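Participant: return a 3D structure for these sequence lines:
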Amino acid sequence: MADGGRGIETAEQAANDGLVLAFGRLQGAANRLEYILGRAIEEECGISHPVFEVLLILGRAGESGLPMRAVAQERVLTTGGVTRLVDRMEAAGLVARDADPHDRRGRLVRLTPLGEETVVRAARVHVENIRRHFLEPLPAEHRERFTEDLRILSHAARDALPRLR
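Facilitator: Alright, predicted model coming up:
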C-alpha cells in the first residue's frame, strides 16, 4: 500500500500521498463528528463532551469507581488535567471522591446518582446521533466491519502510548 514515504520528493506529492490523505480524512471526520456529537450533548444535556467521556469511563468502572490515575490514562490526560475536570464535575454533583482502600493517599472517583442519570440521558442522545451521523452515511454492509476496524486501531494506538505517571 505504501513505500514508507520514500516516493515523496515534493510538497505536492506529500500533500497528495494516499496514506497522508486517508489519515487526514480520518482526523477530519473525527474532529467534525466530535464537534457535531459533542454540541448535541451540550445543548440537550448541559454537559461537555469531555465530561460525558469521564462519566462513561466511570460507568464502565462500576460502583467502586476508579483512581484518578486510571481516569487520566483512559482520557489521555495528565492527572492534573483530570483533577481539574473532576473538580468541576464534583462541584456539579456528578461524581464523588472516596478514599482508596488500596492506597491511603489515593482517591477513587465514582458516579453519584445525578451522574448516573446524566450519563444515561446523554448516552441516549449520543446513540441516536451516532446512528445518524456516523453509521447511516455508510453502506449497511460495511458498518459492522468498519466499527471492528476502528476498535482494532483504537487498541493498537492505546497500546503504543507511553503510560502516564
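
Participant: dead centre of this structure: give me the residue that sits there.
Facilitator: The C-alpha lying nearest the average C-alpha coordinate of the chain belongs to E53 (C-alpha atoms, centre = their mean; 5.7 Å).

Participant: residue ranges of the helices in the protein, please?
Facilitator: Per DSSP state H, the chain carries helices over the ranges 11-16, 18-45, 49-61, 68-75, 79-91, 113-130, 143-160.

Participant: among these, which is nearest R97?
Facilitator: Checking the helices of the chain against R97 by C-beta to C-beta gives helix 79-91 as the closest, at 6.5 Å. From N, CA and C alone the C-beta is placed, and that goes for glycine too.

Participant: circling back: of the helices of the chain, which shows the lowest average pLDDT?
Facilitator: Of all the helices of the chain, the minimum mean pLDDT falls on helix 68-75 (a mean of 82).

Participant: what packs against that helix?
Facilitator: Contact partners of helix 68-75 among helices and strands, from 3 or more C-beta pairs under 8 Å, 6 or more residues apart in numbering; DSSP states H and E: helix 49-61, helix 79-91, strand 103-111.

Participant: what's the most buried one of those?
Facilitator: Highest mean neighbour count of the helices and strands packed on helix 68-75: helix 49-61, a mean of 19 (counted as mean count of other C-beta atoms under 10 Å).

Participant: so how far is that one from its chain's centroid?
Facilitator: Relative to its chain's centre, helix 49-61 lies at 9 Å (C-alpha atoms, centre = their mean, to the nearest Å).

Participant: ditto for stretch 115-130
Facilitator: Here the centre of stretch 115-130 is set off from its chain's centre by 14 Å, with C-alpha atoms, centre = their mean.

Participant: name the surrounding residues that touch it.
Facilitator: With contact meaning C-beta atoms under 8 Å, 6 or more residues apart in numbering, stretch 115-130 is reached by 36-37, 40-41, 44-45, 47, 52, 55-56, 58-59, 89, 93-95, 111.
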